[in-house]
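> next comes the sequence, and after it the predicted model I'd like to discuss.
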Amino acid sequence: MKKDVMICGVGGQGTVLASKIIAASAMDEGYAVHSAETIGMAQRGGSVTSHVRIGEDAFSPLIPLGSVDLLIAFEPSEAVRNLKYLKSDGFVIVNSVPVKPTSLGGGGDYDGKAEIEFLKSKCSCLVINSDELCAPFGSNKFFNVAVLGAAAGTGRLGLSADTVRSEIIKIVPERFHEKNLAAFEAGYKLGEKSNADK
């Protein structure tokens, strides 16, 4: 398998953990993996981008423009910002819930709706509302694992769901296992449903 996955969001959303789980899962299945993070001003709510390249053909950890097979976006504007990396037949999984820029003091008119409509017009995508998906778990902090479930459920991740579950158990602290695994399952069902609805 050869697959380039990009994960993008803002600081504090758990994008780096998600990329580590993907990379570890791919290695568990015997694939060569290269990964890198561009975290910039992540501690201040800035952009975070993780590149995960799976397969022997990836000689650099950074994915070239127009080469991403799967873009997992934790925030609508970050999806739009990184859309230039997507292949013409690539797929986007995007959270419809925006993170208000800190420069606006958490306010402003930004609601992410225009960005979601733009994405729908430009590529194949699965739009997920993290507030709704993560409500049963009491926090949006579980979205990073739930969205991996969605990616596995669509089949776009290219990795076994069982392998990813195993890595969640290895990487996530034990006290969070139950909720993270439940979040993964909720996302997985959403991903499967999106395929059935096509």
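All right, it came through fine. Numbers count the residues shown, from 1 in each chain.
> which residues does the helix or strand of the chain with the lowest mean pLDDT contact?
Least confident element among the helices and strands of the chain, by mean pLDDT, DSSP states H and E: strand 33-38 (a mean of 88). Residues outside strand 33-38 that contact it (C-beta atoms under 8 Å, 6 or more residues apart in numbering): 16, 19-20, 23, 26-27, 47-54, 58-62. Any C-beta I mention is one placed from the backbone N, CA and C, and that applies to glycine too.
> hmm, 7 Å instead?
16, 19, 23, 26-27, 48-54, 58, 60-62 (C-beta atoms under 7 Å, 6 or more residues apart in numbering).
> list the buried residues for it?
For strand 33-38, a neighbour-count test (16 or more other C-beta atoms under 10 Å) marks 33-35, 37 as buried.
> contacts for the helix or strand just after it?
Next in sequence after strand 33-38, counting helices and strands by DSSP states H and E, comes strand 47-54. Outside strand 47-54, the residues that touch it by C-beta under 7 Å, 6+ apart are 1-11, 15-16, 19, 22-23, 26, 31, 33-40, 42, 61-63, 78, 82.
> so where do the helices sit in this structure?
15-28, 76-81, 113-122, 130-134, 143-154, 161-171, 177-196 (DSSP state H).
> tell me the mean pLDDT over the third one?
In this case it means helix 113-122. The pLDDT scores in helix 113-122 average 96.
> can you name every helix or strand that it contacts?
Judged by 3 or more C-beta pairs under 7 Å, 6 or more residues apart in numbering; DSSP states H and E, the packing partners of helix 113-122 are helix 76-81, strand 86-95.
> any idea which of the helices of the chain is most buried?
Compared across the helices of the chain, helix 143-154 shows the largest average neighbour count, a mean of 27 (mean count of other C-beta atoms under 10 Å).
> reformat the helices of the chain as CSV; add distance to Ser67.
Shown next, in CSV, are the helices of the chain (distance: least, C-beta to C-beta, whole Å):
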stretch, distance to Ser67
helix 15-28, 16
helix 76-81, 16
helix 113-122, 16
helix 130-134, 27
helix 143-154, 17
helix 161-171, 23
helix 177-196, 22
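> identify whichever of those lies nearest to Lys100.
Closest to Lys100 of those, according to C-beta to C-beta: helix 76-81, at 10.3 Å.
> and that closest one, what's its mean pLDDT?
For helix 76-81, the per-residue pLDDT averages 95.
> can I get that helix in PDB, CA atoms only?
Extracted in PDB, the C-alpha atoms of helix 76-81 (Å, rounded to 0.1, in the frame of the first residue of the first chain):
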ATOM      1  CA  PRO A  76     -13.100  24.000   8.400                       C
ATOM      2  CA  SER A  77     -10.700  26.800   7.500                       C
ATOM      3  CA  GLU A  78      -7.700  24.500   8.000                       C
ATOM      4  CA  ALA A  79      -9.200  22.100   5.500                       C
ATOM      5  CA  VAL A  80      -9.500  24.900   3.000                       C
ATOM      6  CA  ARG A  81      -6.000  26.100   3.700                       C
END
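> so how far is Pro136 from the residue nearest the centre of the chain?
Geometric centre of the chain, nearest residue: Ile72, 3.1 Å, by C-alpha atoms, centre = their mean. Plainly put, Ile72 is 21 Å away from Pro136 if you go by C-beta to C-beta, to the nearest Å.
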